[in-house]
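**Student:** Give me a model of this one.
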Amino acid sequence: MRWIDIIATALRNLQRQKLRSALTIFAVVIGAASVTIMLALVSGARGFFIQQFSANGVLQQIAISPQTDLTKFDQGNDGGNNCDSCVKLTDALAAKVKAVPHVVGVARRESSGSFEAAIYNSQKLRLNEIEGYDANGIITNTMVAGRDIRDSDQDGVVTVTSDYADKWGFKGHYNDLVGKQVQLLSRSWYQGVGAVLPDPQKQWEQCQNGGCQNGPGPQQQSPTTLVATVVGVADSTDRGETVRAPLAWVNGMNEQRMYQQDPMDQAAQEAACRNHPGPCAQPVPHFTLKVTSFLDQNGYSSFTAKVDDVNNASTAAAAIRKLGVGAADAESLIQEQLKVFTILGYVLGAIGGIALAVAAIGVINTMVMAILERTREIGVLRACGATRATIRRLFTVEAGLLGFWGGVAGVAVGFGLTRIANVFINKQLASSGVHAHNIIGLPVWLIVSVIGATTVIGMLAGLYPAFRAARLNPVEALRYE
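**Tutor:** Numbering: from 1, shown residues only. Now for the predicted structure:
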């Protein structure tokens with residue numbers, strides 16, 4: 001028999017017992033739909049993850065840290081990596097990094113950990129640090145409302161992530177937060193830009209009037225509250241809870257401002273009292289505000305470099321490491337995160353595979369029953385010249401068709417359920433300020449794989465019945481009633 005005749009005969013045989021064939025196919029549909037939905041979820045989440053990184057240009061970025069043992073991209077962006085023996089991240093070093101082949105730009109990063117809370121409408125939220133960097137397009141954030149920090153921004157401008165906005169009551173309408181003012185509450189020891197410093201002149205006068213026993217002593221400070229206008233709300237999935245500000249303002253937050261007595265006043269006081277018997281009048285001292293820049297002392301927290309192409313990131317990172325700093329591209333971070341999706345895919349695929357295994361048992365049962373019902377027919381075919389190979393092919397193709405149609409229907413059911421799921425997921429993403437939509441889809445490879453897998457499983461399940469049918473004695477089969 002020709003293959004086309006075998007397929008046509010197999011289709012006619014399946015139509016004989018419509019209910020039994022439909023129930024068998026239904027079992028395959030359940031397994032195929034389960035595998036389709038589970039792998040579609042994993043594939044969609046994986047694609048969404050990579051898309052987020054690609055949209056922000058992270059795949060073209062290189063994290064640079066003073067620590068030479070930097071191995072992970074996200075560690076380099078955390079800041080606080082300065083050490084006494086490390087190479088200082090300076091403007092001059094940033095120029096050297098930019099000169100490395102394939103590097104198209106460098107963004108300097110600095111953070112201030114001198115603040116403990118961000119406050120809006122009397123609602124205080126924890127604030128671990130304020131982040132600043134060059135707004136030159138190297139570092140971009142996914143904005144859900146307003147705009148990102150610009151190079152022209154001055155002090156008093158910030159962006160906040162959506163998790164802050166959610167807690168302040170702006171979930172789903174982030175634009176309403178843009179233009180509002182928030183308060184940044186410092187720690188008591190804060191001495192940066194805008195710090196409330198005690199008046200040393202008044203403190204000296206209090207001591208002269210008996211207000212202190214041991215001289216002026218150290219200055220006592222109170223927490224400082226800086227007022228900032230929110231110009232944008234960023235997606236929290238990029239970095240988590242973060243408040244961002246212009247780099248120059250953050251650098252000012254890391255300065256130390258202290259009043260120091262003029263040395264000339266101290267010399268005049270000593271000269272006036274050198275040979276004076278008993279108490280002598282002390283000249284009124286003059287105090288000068290001294291500003292110390294921790295940026296000059298320690299350098300920037302980190303750099304972020306951008307390369308011209310994703311494929312050149314690892315090469316550029318190796319060249320940057322020769323400058324005595326640590327450098328890591330985003331590939332390590334991506335691969336580490338993708339391992340989670342791979343493991344999840346194996347687990348969910350195995351669960352769906354169990355359903356397909358159960359369906360395979362149903363296929364075996366259906367084909368065995370078909371052999372018992374068609375024993376006399378098999379004898380007629382053998383008597384008419386059909387070989388054992390032909391009988392095997394006929395029953396194997398019938399079992400394969402059960403798996404094929406089950407796979408097609410299962411993929412169709414899976415497609416419909418993913419469309420429904422996308423409706424709910426799109427609403428959730430929109431309420432969270434994420435612009436992505438329809439993240440769950442059925443790639444061509446998944447459709448072909450599921451249908452191919454169910455067809456192969458059906459054919460494998462039909463091997464035993466096919467060999468059993470081929471071994472029937474033609475004479476005994478013709479006598480079978």
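**Student:** C-alpha from now on. contacts and neighbour counts both.
**Tutor:** Will do.
**Student:** Next, count neighbours for Lys202.
**Tutor:** Other residues within reach of Lys202, judged by other C-alpha atoms under 10 Å, total 11.
**Student:** If you could redo that for Ser122, that was the one I meant.
**Tutor:** Neighbour count of Ser122, defined by other C-alpha under 10 Å: 10.
**Student:** any idea whether Glu110 is helix, strand or coil?
**Tutor:** Classification of Glu110 by DSSP: H, G, I helix; E, B strand; the rest coil places it in strand.
**Student:** Which residue ranges of the stretch 101-250 of the chain form helices?
**Tutor:** Using DSSP state H, counting those that start in this stretch, the helices of the stretch 101-250 of the chain run over 162-167, 200-208, 247-253.
**Student:** rank the ones you listed by pLDDT, which is bottom?
**Tutor:** Between the helices of the stretch 101-250 of the chain, the one with the least mean pLDDT is helix 200-208; it has a mean of 67.
**Student:** quick check: mean pLDDT across stretch 119-136?
**Tutor:** On average, the pLDDT along stretch 119-136 is 91.
**Student:** again, but for stretch 224-241
**Tutor:** Stretch 224-241 comes out with an average pLDDT of 85.
**Student:** Can you list the buried residues in it?
**Tutor:** 224-238, 241 (16 or more other C-alpha atoms under 10 Å).
**Student:** Just the ones of the residues you listed in strands?
**Tutor:** Under the assignment DSSP state E, the buried residues of stretch 224-241 contribute 225-234 to strands.
**Student:** For the host helix or strand of Ile7, which helices and strands make contact with it?
**Tutor:** Take DSSP states H and E as the rule and Ile7 turns out to sit in helix 3-16. Under the contact definition 3 or more C-alpha pairs under 8 Å, 6 or more residues apart in numbering; DSSP states H and E, helix 3-16 sits against helix 388-431.
**Student:** Kindly confirm whether my reading is correct that Asn251 touches Leu295.
**Tutor:** Yes. In this structure, Asn251 is within contact of Leu295 by C-alpha atoms under 8 Å, at 6.8 Å.
**Student:** More neighbours: which of the two?
**Tutor:** Remark: of Asn251 and Leu295, Asn251 carries more neighbours, 23 against 17, as counted by other C-alpha under 10 Å.
**Student:** in this structure, which helix or strand is least confident?
**Tutor:** Within the chain, no helix or strand scores below helix 73-76, which has a mean of 58 by mean pLDDT, DSSP states H and E.
**Student:** Tell me the first helix or strand C-terminal of it.
**Tutor:** helix 91-98.
**Student:** domain ranges for this structure?
**Tutor:** Taking automatic domain parsing as the domain assignment, the ranges for the chain are 3-54+336-479, 111-297.
**Student:** The stretch 101-250 of the chain: strands as residue ranges?
**Tutor:** 103-112, 115-120, 123-126, 130-133, 143-146, 157-161, 181-186, 225-234, 243-246 (DSSP state E, counting those that start in this stretch).
**Student:** which helices and strands sit right next to the fifth one?
**Tutor:** Looking back up the chat, that one is strand 143-146. When contacts are defined as 3+ C-alpha pairs under 8 Å, 6+ apart, strand 143-146 sits against strand 225-234.
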